[in-house]
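J.: got a structure for you, letters missing:
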């Protein structure tokens, strides 16, 4: 019974019971053994099967790359120097996953930022998000019980940044939460040319990060940097050589100059980033880590977790998916979803089942874009209509804006909620 409870409390979701039926089966076996006066000894979860297609939380096939990042952090701490690391690979290859696997240093801080669209949110979007994360940690760490530490941080930042504090406040609104709006003048003085304004931002950010790094190493994770605006790229270039203290900046980006399976989905203009990355790496100012496709054993491990089957049972399916997807984890997941929705992968009483010959013969979409189109074509008219309206807002939208376009009144509110839930269940929308 203790083992069952510990399994329910496992950190990784894939290591827990996957269904109530699996837990019930083990409880029945335990009850029967105790009723017969037999010491219960059996393998847990033998009759437990996942009821949905969930990607494993653990990182697969990336141990070497993760070790490189962890070693970089150790060297940053030991040498008390900054380092820039580029993590590259095609869309869906697992760049965001490896960034999520990095943990906050016990004696430092870790912050995350993501670039969304270079044309929609103004400059420095990803940096602002990461720096806001850092400021939020300063506030939360000393909220309530140690206000004096917040006062110390305010004084330290004032001392280190001086008049450049307002430069940082222009694009990091979270600073107002630490200083209070009356204490933090927002709005840079007018009259600076472009070159001088850019230089002021560079100096402000360097001093800000150096000040925070005085109390422990910093890890800054920036995702989707291929979408960054030119000002952010210039800032990143400056930080590669002009940053002091134990700061590790990890940049994840999809190269624009390399044709990939993902090119049919994302056509980002990231050539400037590619050129900068090659230049910095060649000059010894940055480290490059390339993520390639998953190997067959990694794909087998993924399917074993997702389908609740043994390695031998999924081997032929893994070989087929490796051929169809090129070992891209995201595309594997989308193909499995396609197989599920088309009925070629079915969940029964004994877990997931499939007909390999039928899958091999099926005219499945040949590339990711065709795969997405096939899934959209199968949507009910009301779901397609809702997606059409959401697309008018953009790749990100809130419920209020969607309600306005959907003209949802009280009678239609429940239908709107149902449609959103269904699109989220199908992983077409992500909350």
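T.: Received, thanks. Quick caveat, the model's predicted, so the values are computed rather than measured. Numbering: from 1, shown residues only.
J.: and the host helix or strand of residue 323, how far from the chain's centre?
T.: Residue 323 belongs to helix 311-325 when elements are defined using DSSP states H and E. Computed by Cα atoms, centre = their mean, to the nearest Å, the chain-centroid distance of helix 311-325 equals 26 Å.
J.: swap in stretch 91-100?
T.: For stretch 91-100 - counting by Cα atoms, centre = their mean - the centre lies 6 Å from the chain centre.
J.: ranges for the strands of this protein?
T.: 83-88, 109-114, 218-223, 247-253, 287-290, 345-348, 351-354 (DSSP state E).
J.: looking at those strands, which is closest to residue 431?
T.: For these, proximity to residue 431 was assessed by Cβ to Cβ; strand 109-114 is nearest, at 15.2 Å. The way it works is simple: take the backbone N, C-alpha and C, and place the C-beta from them, glycine included.
J.: got a list of contacts for the closest one?
T.: 99, 102-104, 125-131, 133-134, 137, 212, 216-224 (Cβ atoms under 8 Å, 6 or more residues apart in numbering).
J.: for stretch 76-91, buried residues please.
T.: 76-77, 82-91 (16 or more other Cβ atoms under 10 Å).
J.: if I look at the closest residue in space to residue 277 that isn't next to it in sequence, how far off is residue 278?
T.: Of all residues not flanking residue 277 in the chain, residue 86 sits nearest, at 5.0 Å (Cβ to Cβ, 6 or more residues apart in numbering). For residue 86, the distance to residue 278 (Cβ to Cβ, to the nearest Å) stands at 10 Å.
J.: one more: residue 46?
T.: Distance from residue 46 to residue 278, by Cβ to Cβ: 52 Å.
J.: so for those two, which sits in the more crowded spot?
T.: Taking neighbours as other Cβ atoms under 10 Å, residue 46 and residue 278 compare with residue 278 leading, 15 against 10.
J.: low pLDDT regions in the stretch 251-400 of the chain?
T.: By pLDDT under 70, the low-scoring segments of the stretch 251-400 of the chain are 256-270, 364-368.
J.: what are the ranges of the helices in it?
T.: Secondary structure of the stretch 251-400 of the chain (DSSP state H, counting those that start in this stretch): helices at 271-282, 296-307, 311-325, 329-341, 356-361, 368-377, 381-393, 399-406.
J.: reformat those helices as TSV; add distance to residue 178.
T.: Output for those, formatted as TSV (distance: least, Cβ to Cβ, whole Å):
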stretch	distance to residue 178
helix 271-282	31
helix 296-307	42
helix 311-325	46
helix 329-341	37
helix 356-361	55
helix 368-377	42
helix 381-393	32
helix 399-406	29
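J.: scan the protein for its longest helix.
T.: In the chain, with assignment by DSSP state H, the single longest helix is helix 194-213.
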